[in-house]
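> Structure of the sequence below:
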Amino acid sequence: MSEWATITDANTYFTTRAGDAMTVWPTLTDPAKQSYLTTSYKQISRDSQWSIPASPTAAQLILLQDAQCELSWYFHIHINDQDRRKGIQAQGVIEAGVVGEVYEKEYMDKIPYPPFVKELLGAFDTHVSFGVTEIGRDENLEVTDTGVVD
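Okay, the predicted model is just below:
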C-alpha cells in the first residue's frame, strides 16, 4: 500500500469536516489533492517518531487516513510557510528580527505536526514514557545485617 487515504477517501472525509476544508477541498484539482496526500503520507511514514505497521488493522487504518487527510489540509494552508521557516532554521538562524520570530534550537530539526494530527498518531508514537517516584525503606538494616553476602 503506497498511501492510506485515496482522493476518494479524502473527499469523503472533508465532506464532514468543519471549517473551510469542507468547501475548499472540493475545489482543488485532483493533482493538487494527490500531491498533498502523497506529501502527508511520506512525512508520516518516514518519520522515525511513528511506528507504523506494514499492515495496519482496520482501526489503525482509520487513524492513519484521518491523520493523512488532516496533514494534507495543514499542508494546503501552511506548506509554503513551513518550508520557508524550516529552510531558515536549516541555515542555523535562531532569530528572524524582521518578522519578530525566535526559533527554539531544540525544535530546529523536528518535523512540525498540528496538534490534532499528533493526537491521531499518538497510538503509533515510538517514544516510551515512564514515571519515576521516590521509594523508601521501612527499616534501618544494612544488607549485610540480613545475612546476604557476596
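> Could you point out the helix or strand that follows the longest helix seen in the chain?
Looking across the chain with DSSP state H, the single longest helix is helix 58-90. Downstream of helix 58-90, the next assigned helix or strand under DSSP states H and E is strand 95-96.
> Each with direction, which strands does that following strand pair with?
Neighbouring strands of strand 95-96 in its sheet, by DSSP bridges, are strand 101-102 (antiparallel).
> buried stuff in the next helix or strand after the partner strand?
Heading C-terminal from strand 101-102, the first helix or strand you meet, by DSSP H and E, is helix 115-121. Buried residues in helix 115-121, counted by 16 or more other CB atoms under 10 Å: 117, 120, 121. (Each C-beta comes from the backbone N, C-alpha and C, glycine too.)
> and if you look at stretch 58-65?
Applying 16+ other CB under 10 Å to stretch 58-65 flags 61, 63, 64, 65 as buried.
> how far does the longest helix of the chain sit from the chain's center?
8 Å (CA atoms, centre = their mean, to the nearest Å).
> Start at 200, not 1
Fine by me, first position is 200 from now on; the one you just mentioned is helix 257-289.
> pLDDT of it, averaged?
Helix 257-289 shows a mean pLDDT of 90.
> helices or strands next to that helix in the packing?
Here helix 257-289 touches helix 206-214, helix 229-245, helix 314-320, going by 3 or more CB pairs under 8 Å, 6 or more residues apart in numbering; DSSP states H and E.
> JSON lines for the ones you listed, including distance to residue 278 and mean pLDDT?
Formatted as JSON lines, the helices and strands packed on helix 257-289 follow (distance: least, CB to CB, whole Å; pLDDT from 0 to 100):
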{"stretch": "helix 206-214", "distance to residue 278": "16", "mean pLDDT": "96"}
{"stretch": "helix 229-245", "distance to residue 278": "7", "mean pLDDT": "96"}
{"stretch": "helix 314-320", "distance to residue 278": "14", "mean pLDDT": "95"}
